[in-house]
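Participant: Model the following, please.
(2 chains)
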Protein chains: 2
Amino acid sequence: MVRSAAKNHKYVTVVTSPCQYEKIISEMKTSGGSISGKSRSDFARIAFGLTASYDAAISKYLNKQAGIRFPERVSISLAKTMELRYGENPHQKGAFYKLPANAEVNVSSSQIMEDETQISFNNLLDVNAAFELVKEFSEPSVVVVKHLNPCGCAIDNDIHKAYQKAYETDVVSAFGGIIALNRKVDKALATTIMESYSLFGKAKGAAGFFAEVIIAPGFDDDAVQTIRTLKPWGKRVRLMSTAEIDRTKIDCGEFDVRCIVGGMLLQDRDLVGWEPALLSYPTKIKPNKEQLEDLRIAWICAKHVKSNTITLVKDRRLIGVGAGQMNRVESGFIAFKNSAEDPKGCAMGSDAFFPFADNVEQAAKNGVACIIQPGGSKKDDEVIAAADRFGIAMVFTGKRHFKH
Amino acid sequence: MVRSAAKNHKYVTVVTSPCQYEKIISEMKTSGGSISGKSRSDFARIAFGLTASYDAAISKYLNKQAGIRFPERVSISLAKTMELRYGENPHQKGAFYKLPANAEVNVSSSQIMEDETQISFNNLLDVNAAFELVKEFSEPSVVVVKHLNPCGCAIDNDIHKAYQKAYETDVVSAFGGIIALNRKVDKALATTIMESYSLFGKAKGAAGFFAEVIIAPGFDDDAVQTIRTLKPWGKRVRLMSTAEIDRTKIDCGEFDVRCIVGGMLLQDRDLVGWEPALLSYPTKIKPNKEQLEDLRIAWICAKHVKSNTITLVKDRRLIGVGAGQMNRVESGFIAFKNSAEDPKGCAMGSDAFFPFADNVEQAAKNGVACIIQPGGSKKDDEVIAAADRFGIAMVFTGKRHFKH
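Facilitator: Sure, this is the predicted structure:
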């Protein structure tokens, strides 16, 4: 009926929401009872938006029932959450749309606390990258992200120490970064974050510090007050509050969508995490318990860094990141060059297999103790032999984590 | 009617395409005239896919008529072109969908020539990145892409020379790359591409060469035969043939979509290119004609590299790329370190403004002659003063080109 009415908008006014009553009443009062053609066409436009999303929901449901992941036609239906100041760049307009609600704790379902500055397109991309990484860990963890890549990540039994360790991964890049935590922010933690520069940054050569966004499963009231008042940038930082993270409620049905001009690529989200049962240990030396824990973090971090990726982890902290390079040795070079501390004894992660032994030689030269990578290269034998020659423990995951 | 029939699929079989006739007839023949409940529900599922896409098209049309870019509800309707071997990683399923046809020459509307190897999710992302960059230039141009970033780009009056120059930007990274050309591939060019390693690569330290994809506005028949037969990898390379590039037919209405968990960010495509009228020249020294041409290429390349970006261009060729780093000085460091030739006298491009003078100091140390960047930093005065001190010509574009 809505559809028929909308088609017939030349003669019919189709009202699809109580929010429209006021406009209708006011127009009828002014005109003496009639609705203009312009308004009827506008109501029809809104009605077709509704029927399109309604049929998309039915289609999605029926495809799911039939077990069809990639049907011949797909309609991705979205509801606008907010217009953004602009898109990736000021000359591009942008808006944020939600998918129909799901139970998973995520950036889209978080609450943005009032602040002076509108959240931006790039903020939302970055905060999603940061929060999806910190969600991977059940222990108290902190992630700092710049340009979609983590430039800080640490796990500790104490969330305060995890914050300090994550910030100290790269105090230069942390300037203007996105901070994601998987624990509620209390007043003490808020104070530490605000004082990052004077407490830890200055001594390590930072030029200053502010954060663009802080996201966490809740903020205590006095934590918010501390953030808003302790430093001038506290008024501008966007605070995003989520529900407690529940790793059992992951929405496996959601598509990850990437645009190419004239089309889109749809894929499953990369939901593979740490799978201890699938690991294999091809080298003579095997990692000990502490090393395996660092390898786990190096592997999960590598999943969240733009490919090609090399990650270095020591004592449950990301100390080096090589992101987005056109060759893997270059990624290694950057990771070691910018390492927060001496990489001797660290764990190294690679998001994809080593095509040659060159990354292992690079690792050996820098004192790496253990490596985690997918395995599966034609030259695995050479790569394993190199690791054995240098006394490095290597673990194969059997999975790859490209992130383009 | 289609919708009503689909809703009533318990009693009605709704046929929405002549392709379904055969299935219907064969089922009726087998069953003695009836259609099973399972089939009726399947036809209904397909019908709802159709009505959803139909209403999405009406909604899109009406929003466009009303001049509304980001309506309250958006349905993005897509038709499947092909299932892909897998998504970004083998444990993710993926498929390629087209948007309703547009007149713009793009990867989605290209023709994939028969070959032995299926095109992959990452291939399509990469080939889109490569083709969109090469589309920016009207002169004969060639781009080589790895992991979404150009590792080669050159312009020359002769497409053969442009190919050699682009390949020689980084012969190591070009291994397994994506090659995009804006001119038809003839037999001679095909031969040069196939022989890249022996002709140019070996002398420059390459370990070998093959291409994943070659995309161009057409391939001569004997060019295809050459590619398929000259080297074993020629059987596997995906050849994508497009129509002649027509820069006047850009689809400004198309959304660029980025996923975050639970939602999507929609923005205008970044269609800002070279705008000579908007340039400003704040330094004492101004670029000469040749320098301005290199600055143009550095700027356009920077637009197509993952942010933060530094590009170096000399004699109409990209010679260095710093991609996707968490800070801009690091991007500069990588670009200079891996420069294909002495950067002395080159043009430097930055996708965003310089927050400090450090990048200018870095440029001066490496002999950069001229710089192009958006301008607009709080410290522009310091940045301009540094350029003047080192005798570097600097150009402001007034636009930013982040690409996350």
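Participant: Tell me where the stretch 51-200 of chain A has strands.
Facilitator: Under the criterion DSSP state E, counting those that start in this stretch, the stretch 51-200 of chain A contains strands at A:73-84, A:94-98, A:111-112, A:141-146, A:149-155, A:177-181.
Participant: ok and the second one relative to strand A:73-84, angle-wise?
Facilitator: When you say that, I think you mean strand A:94-98. Direction vectors for strand A:94-98 and strand A:73-84, defined by axes from the mean of the first three to the mean of the last three CA atoms, to 10 degrees, enclose an angle of 120 degrees.
Participant: So is strand A:94-98 next to chain B?
Facilitator: Yes: using CB under 8 Å from any CB of the partner chain, strand A:94-98 reaches chain B at A:Gly94, A:Ala95, A:Phe96, A:Tyr97, A:Lys98. (Each C-beta comes from the backbone N, C-alpha and C, glycine too.)
Participant: hang on, the earlier thing: figure out which of the strands of the stretch 51-200 of chain A is closest to B:Val321.
Facilitator: B:Val321 lies closest to strand A:149-155 among those, at 16.5 Å (CB to CB).
Participant: those helices in chain A, which residues are they?
Facilitator: A:2-7, A:21-31, A:37-65, A:121-134, A:159-168, A:171-174, A:187-194, A:196, A:221-230, A:289-303, A:328-337, A:358-365, A:380-390 (DSSP state H).
Participant: Turn the ones you listed into TSV, columns for mean neighbour count and mean pLDDT.
Facilitator: Shown next, in TSV, are the helices of chain A (neighbours: other CB atoms under 10 Å in any protein chain shown; pLDDT from 0 to 100):
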stretch	mean neighbour count	mean pLDDT
helix A:2-7	18	93
helix A:21-31	11	94
helix A:37-65	21	93
helix A:121-134	25	97
helix A:159-168	23	98
helix A:171-174	24	94
helix A:187-194	20	98
helix A:196	25	98
helix A:221-230	17	97
helix A:289-303	23	98
helix A:328-337	22	96
helix A:358-365	20	98
helix A:380-390	18	98
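Participant: Farthest pair within the residues of strand A:94-98 next to chain B?
Facilitator: It's A:Gly94 and A:Lys98 that sit farthest apart of the residues of strand A:94-98 next to chain B, by CB to CB, at 14.5 Å.
Participant: Near chain B, which residues of the stretch 101-250 of chain A? Just list them.
Facilitator: With the criterion set to CB under 8 Å from any CB, the stretch 101-250 of chain A comes near chain B through A:102, A:104, A:106-109, A:121-122, A:124-126, A:128, A:132, A:146-149, A:151, A:170, A:172-173, A:207.
Participant: try it again with 7 Å
Facilitator: A:102, A:104, A:106-109, A:121-122, A:124-125, A:128, A:132, A:146-149, A:151, A:170, A:172-173 (CB under 7 Å from any CB of the partner chain).
Participant: just the stretch 251-400 of chain A next, same as before
Facilitator: Counting by CB under 7 Å from any CB, the stretch 251-400 of chain A sits next to chain B at A:256-268, A:270, A:272, A:306-308, A:323-324, A:326-327, A:334, A:399-400.
Participant: Tabulate the helices of chain A in JSON lines, adding columns for distance to B:Leu318.
Facilitator: Listed next are the helices of chain A as JSON lines, based on distance: least, CB to CB, whole Å:
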{"stretch": "helix A:2-7", "distance to B:Leu318": "52"}
{"stretch": "helix A:21-31", "distance to B:Leu318": "55"}
{"stretch": "helix A:37-65", "distance to B:Leu318": "43"}
{"stretch": "helix A:121-134", "distance to B:Leu318": "25"}
{"stretch": "helix A:159-168", "distance to B:Leu318": "35"}
{"stretch": "helix A:171-174", "distance to B:Leu318": "25"}
{"stretch": "helix A:187-194", "distance to B:Leu318": "40"}
{"stretch": "helix A:196", "distance to B:Leu318": "38"}
{"stretch": "helix A:221-230", "distance to B:Leu318": "43"}
{"stretch": "helix A:289-303", "distance to B:Leu318": "28"}
{"stretch": "helix A:328-337", "distance to B:Leu318": "16"}
{"stretch": "helix A:358-365", "distance to B:Leu318": "24"}
{"stretch": "helix A:380-390", "distance to B:Leu318": "32"}
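Participant: Next up, phi/psi of A:Asn308, please.
Facilitator: Reported as degrees, to the nearest 10, the phi and psi values for A:Asn308 are phi -70, psi 150.
Participant: can you pull the contacts of it?
Facilitator: Shown in contact with A:Asn308 (CB atoms under 7 Å, 6 or more residues apart in numbering or on different chains): A:Gln325, A:Asn327, A:Arg328, A:Ser331, A:Asp351, A:Ala352, B:His147.
Participant: Near the last one, how many other residues are there?
Facilitator: By other CB atoms under 10 Å in any protein chain shown, 27 other residues sit near B:His147.
Participant: Can you verify my assumption that it contacts A:Thr309?
Facilitator: No: in this structure, B:His147 is not within contact of A:Thr309 by CB atoms under 7 Å, at 9.8 Å.
Participant: could you redo the strands of the stretch 51-200 of chain A as TSV and give each row mean pLDDT and mean neighbour count?
Facilitator: Shown next, in TSV, are the strands of the stretch 51-200 of chain A (pLDDT from 0 to 100; neighbours: other CB atoms under 10 Å in any protein chain shown):
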stretch	mean pLDDT	mean neighbour count
strand A:73-84	93	20
strand A:94-98	95	22
strand A:111-112	92	14
strand A:141-146	97	29
strand A:149-155	97	29
strand A:177-181	98	28
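Participant: Could you export those to TSV, including columns for distance to B:Lys365?
Facilitator: As requested, these are exported to TSV (distance: least, CB to CB, whole Å):
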stretch	distance to B:Lys365
strand A:73-84	38
strand A:94-98	38
strand A:111-112	43
strand A:141-146	24
strand A:149-155	25
strand A:177-181	27
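Participant: Out of these, the one nearest A:Glu382 is which?
Facilitator: Of the strands of the stretch 51-200 of chain A, nearest to A:Glu382 by CB to CB is strand A:149-155, at 29.7 Å.
Participant: what's the burial count for A:Ala352?
Facilitator: Neighbour number of A:Ala352 under other CB under 10 Å is 19.
Participant: any idea how far the residue nearest to A:Phe353 when sequence neighbours are not counted is from A:Phe356?
Facilitator: Using CB to CB, 6 or more residues apart in numbering or on different chains and skipping the chain neighbours, the partner closest in space to A:Phe353 is A:Ser377 (4.2 Å). Note on A:Ser377: its distance to A:Phe356, by CB to CB, to the nearest Å, is 8 Å.
Participant: likewise A:His160?
Facilitator: According to CB to CB, A:His160 and A:Phe356 sit 42 Å apart.
Participant: Nearest to chain B: which residue in the stretch 101-250 of chain A?
Facilitator: Residue of the stretch 101-250 of chain A nearest chain B, by CB to the nearest CB: A:Ser108 (3.0 Å).
Participant: Can you name the residues that contact that residue?
Facilitator: Shown in contact with A:Ser108 (CB under 7 Å, 6+ apart): A:Lys98, B:Ile260, B:Val261, B:Gly262, B:Gly263.
Participant: Kindly report the same for A:Leu312.
Facilitator: Contacts of A:Leu312 (CB under 7 Å, 6+ apart): A:Ala298, A:Ile319, A:Gly320, A:Ala335, A:Ser339, A:Pro343, A:Cys346, A:Met348.
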